[in-house]
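Asks: Sequence plus predicted model, see below.
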Amino acid sequence: MLAGLLQGPKSLELFTKLVRIYIKVNLVGLLLAAATYYGAGLEIDFHGLMFPWSSSRAQEFMGFFRITGFQVEPGTYTATIHLFILMSAVLRGQMFGRLETIAMLSTLGTMSAWAAFAIASYTAGCLIEAIQRRSHRTIITKWVVVIIALVPLLSLIEFTSVENAAYIQYFFDRLSTENASGSMVLKLQAWEAWKSQLDSGMLFPRSLNESFCPFCLSPQDLGTLINFIWYAGLVFAVPFLALLGTLAIRHLGLSLLVASLPLVIAKFYFFDPALWLYFGMLLFLPTSLKKRRGNQLRKKLGEPLVDRYK
């Protein structure tokens, strides 16, 4: 697939459309689930309709019904949307997109605690991108833009009574480590086991049948890249992740790196093909961002494009 992307701009354009169609399909699934539950009071398993051999884990939790769309559980929807938004950003040459922003905001409807991290990182990435693109402005002007952008958020925090806003309080409770609930309990349990292995046995790769937490119900809940460090070993994992971070910066600047940070705690298995497709894009797609942006301008002006594959 990556070899096909390297064939030329048309292949890249086609794959970009496919990635965005996948985002749209998942978004439609979540909107259908929301419409049928909140509009008609029906709990329809759209995941089960798409995949008859499986059933979704949509259920009421802490007083809220958590919809999943076509995915098996709320956290899976959020993680999938976030990953494909990152792919779309690399393929399009920019972080912000109207479809991507709508899809990212839709993750709030799943009531997934992980959505808070994904939205925060995406928002920060878009803000960094907006500042980077104003290269002709002074540093002082850039900081003024950041401060102005934060005013609405700070005002909301100031004037909103969190204790009386059940929806907001829900996320505070989900992210709390003192009164942990749901998947947070599993993450904390796995985290303690992972830390205990740092001083011994994490230097070199491990086989897949070994686990840093044999008694944990779900060790992968700790996070994709944290699990990757355990199985790949510090000797390989640290240089490899450092390389990916460097390439993310070369593709889109600091914005892509910041937006990718939730992958550290995502619930993917580290050998998930979709995850390595994103890694493959960072590793093998051309990183000439200046040519991409130059082509965007040339396209608007009707001038010949520069082949970014040369």
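Replies: Yep, that arrived.

Asks: Can you show me the strands along the stretch 51-200 of the chain?
Replies: Remark: strands assigned in the stretch 51-200 of the chain by DSSP state E, counting those that start in this stretch are 59-61, 64-66.

Asks: rank those strands by pLDDT, which is bottom?
Replies: For these, mean pLDDT drops lowest on strand 59-61, to a mean of 62.

Asks: which SSE is Thr16 in?
Replies: helix 9-34 (DSSP states H and E).

Asks: Could you list every helix and strand in contact with that helix?
Replies: helix 2-5, helix 46-50, helix 74-92, helix 98-106 (3 or more C-beta pairs under 8 Å, 6 or more residues apart in numbering; DSSP states H and E). The C-beta positions use only the backbone N, C-alpha and C, and glycine is treated the same way.

Asks: which of those helices sits most buried?
Replies: helix 74-92 (a mean of 24; mean count of other C-beta atoms under 10 Å).

Asks: tell me the average confidence for that helix?
Replies: 93.

Asks: Ala116 is nearest to which of the helices and strands packed on helix 9-34?
Replies: helix 74-92 (9.5 Å; C-beta to C-beta).

Asks: Neighbours of Ser121, how many?
Replies: Applying other C-beta atoms under 10 Å, we find 21 residues neighbouring Ser121.

Asks: quick one: it and Leu263 touch, right?
Replies: No - counting by C-beta atoms under 8 Å, Ser121 does not reach Leu263; the two are 9.3 Å apart.

Asks: Would you check that Lys187 makes contact with Leu222?
Replies: Yes - if you go by C-beta under 8 Å, Lys187 and Leu222 touch, sitting 5.6 Å apart.

Asks: Need the residues touching each of the two.
Replies: Ile265 (C-beta atoms under 8 Å, 6 or more residues apart in numbering).

Asks: Mind listing what's buried along the helix holding Thr16?
Replies: 12, 15-16, 19-20, 22-23, 26-27, 29-30, 32-34 (16 or more other C-beta atoms under 10 Å).
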